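Student: Sequence first, then the predicted structure, then my questions.
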Amino acid sequence: MKKLIIVSWLALLFSVSIQAQTDTLKIKTSSVCENCKRTIENDLSFEKGVKAATLDLDSNLITVVYNPKKTTPEKIRQRISDIGYDADDVKRNPKAFNKLPDCCKSPDGHH
């Protein structure tokens with residue numbers, strides 16, 4: 001019984017410490033289609049400090065869970081810009097935008 005209490009206590013401490021190391025950020029993007037969603041989510045998954053990224057196409061908001069000791073909201077916005085999309089007030093990188101598929105450049109997400 002003592003071991004169970006100790007293990008439970010350690011598990012609780014570990015989960016609290018993980019949650020304390022993350023922040024959540026919502027960023028408005030210029031995404032338009034499922035390809036945009038895949039591109040942004042996939043690219044951000046390789047960004048240092050980003051734990052999770054989920055893009056809602058209906059609202060064009062990407063929710064990013066990140067470790068503030070390893071990255072900042074500014075770096076995350078800049079990374080989205082470098083992929084070719086607007087990120088809040090950070091405008092998309094024109095060269096990256098030109099490399100996106102046509103569907104990602106169209107306002108309605110279609111050719």
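Tutor: Okay, I see it. Residues are numbered from 1 along each chain as shown.

Student: where does the chain dip in pLDDT?
Tutor: Flagging of the chain using pLDDT under 70 yields the residue ranges 1-20, 107-111.

Student: ranges for the strands of it?
Tutor: Along the chain, counting by DSSP state E, strands occupy 23-28, 50-56, 61-66.

Student: Now do the last one: everything it contacts.
Tutor: Right, strand 61-66. The contact list for strand 61-66, computed with CB atoms under 8 Å, 6 or more residues apart in numbering, reads 22-29, 31, 40-41, 44, 49-56, 76, 80. In short, each C-beta sits where N, CA and C put it, glycine included.

Student: Any chance of a ChimeraX selection covering the buried ones in the residues you listed?
Tutor: The following ChimeraX line selects those of those that are buried, judged by 16 or more other CB atoms under 10 Å:
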select :22,23,25,27,29,31,40,41,44,49,50,51,53,55,76,80
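
Student: count of neighbours near residue 81?
Tutor: Residues contacting residue 81 under the criterion other CB atoms under 10 Å number 20.

Student: What spatial separation is found between it and residue 22?
Tutor: When CB to CB, to the nearest Å is applied, the distance between residue 81 and residue 22 equals 23 Å.

Student: just residue 99 next, same as before
Tutor: From residue 99 over to residue 22 (counting by CB to CB), the distance is 31 Å.

Student: likewise residue 78?
Tutor: Here the criterion is CB to CB. By it, residue 78 lies 20 Å from residue 22.

Student: go on, residue 43?
Tutor: Taking CB to CB as the measure, residue 43 and residue 22 are separated by 19 Å.

Student: do the same with residue 91
Tutor: 28 Å.

Student: Restrict stretch 59-79 to CA atoms and write it as CSV.
Tutor: The C-alpha atoms that make up stretch 59-79 are tabulated as CSV, following Å, rounded to 0.1, in the frame of the first residue of the first chain:
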residue,chain,number,x,y,z
SER,A,59,-11.7,30.0,-37.6
ASN,A,60,-8.1,30.0,-39.1
LEU,A,61,-6.8,29.8,-35.6
ILE,A,62,-3.9,27.6,-34.7
THR,A,63,-3.6,26.5,-31.1
VAL,A,64,0.0,25.9,-30.1
VAL,A,65,1.1,24.2,-26.9
TYR,A,66,4.7,25.1,-26.2
ASN,A,67,7.5,25.2,-23.6
PRO,A,68,8.2,28.8,-22.9
LYS,A,69,11.8,27.9,-21.8
LYS,A,70,12.5,26.7,-25.3
THR,A,71,10.6,29.0,-27.6
THR,A,72,8.6,32.2,-27.7
PRO,A,73,5.3,33.4,-29.3
GLU,A,74,7.4,35.6,-31.6
LYS,A,75,9.5,32.7,-32.8
ILE,A,76,6.4,30.6,-33.4
ARG,A,77,4.7,33.4,-35.4
GLN,A,78,8.0,33.9,-37.4
ARG,A,79,8.1,30.1,-38.2
